[in-house]
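Visitor: I would like the atomic coordinates for the input below:
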Amino acid sequence: MKLRMTLVMGLAIFSLGLLPVAGMADGPDYTPEGPNYHPDHPTTPQGPKSAPKGKAYGYYCRGESKKHVKGVKGTAFSNCVKAMAQADKNDSLTARKACKSLSKKHVKGVKGTPFSTCVKGVNQMRRDENATVATSSAV
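Guide: The predicted structure is shown next:
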């Protein structure tokens, strides 16, 4: 009798174990709601792809550091923005003269110096201004 009882109990436990698995084989009948968020990791600098409209000097200084250095007035970014504003107001001012207050020291792991980035930015700003003036007068 003990063998028969053990066999029946084993069969009952086995069938109870299969019942939930068979009932949920298809999965839930609902789709979860909520945002479908898959972040992309940008490999290029953040910011707009085309030249800004108006006086957005920070666009041309995107690569500059915004960290304060002890003993230096302002940040490399803020000094670059100030130089851009000076160069924009005074067309006779060269890019080198406008950016002369920025550091020419190389920082390990950073492409260029704050000075060279500023000079490139001033030249690019002037090229963009000339291009917009030429296209607006051609229309």
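Visitor: all strands for the chain, in order.
Guide: For the chain, no strands are identified by DSSP state E.
Visitor: what comes up buried for the worst-scoring helix or strand of it on mean pLDDT?
Guide: Lowest on mean pLDDT, DSSP states H and E among the helices and strands of the chain sits helix 2-23, with a mean of 76. For helix 2-23, the buried set under the neighbour-count rule, 16 or more other Cβ atoms under 10 Å, is empty. To be clear about C-beta, it is placed using only N, CA and C from the backbone, and glycine gets the same treatment.
Visitor: distance from that helix to the middle of the chain?
Guide: Chain-centre distance of helix 2-23: 58 Å, with Cα atoms, centre = their mean, to the nearest Å.
Visitor: now stretch 54-74
Guide: 17 Å.
Visitor: how long is it from one end to the other?
Guide: Length of stretch 54-74, first residue to last, Cα to Cα, to the nearest Å: 24 Å.
Visitor: now tell me what touches the longest helix along the chain from outside.
Guide: Longest helix of the chain, by residue count under DSSP state H: helix 114-138. Contacts with helix 114-138, where a contact means Cβ atoms under 8 Å, 6 or more residues apart in numbering, come from 51, 57, 60-61, 63-65, 76, 79-80, 83-84, 87-88, 95-96, 98-100, 102-104, 112.
Visitor: filter the residues you listed down to the buried ones.
Guide: By 16+ other Cβ under 10 Å, the contacts of helix 114-138 give 57, 60-61, 63-64, 76, 79-80, 83-84, 87-88, 95, 98-99, 102 as buried.
Visitor: quick revisit: narrow the contacts of helix 114-138 to those in helices?
Guide: Those of these lying in helices (DSSP H): 76, 79-80, 83-84, 87-88, 95-96, 98.
Visitor: just to revisit the earlier point, tell me the average confidence for the longest helix of the chain?
Guide: Averaged across helix 114-138, pLDDT comes to 82.
Visitor: that one to helix 76-89, inter-axis angle?
Guide: 40 degrees (axes from the mean of the first three to the mean of the last three Cα atoms, to 10 degrees).
Visitor: all further residue positions should be reported with the first residue as 46.
Guide: Will do, 46 is the new start, and the previous item becomes helix 159-183.
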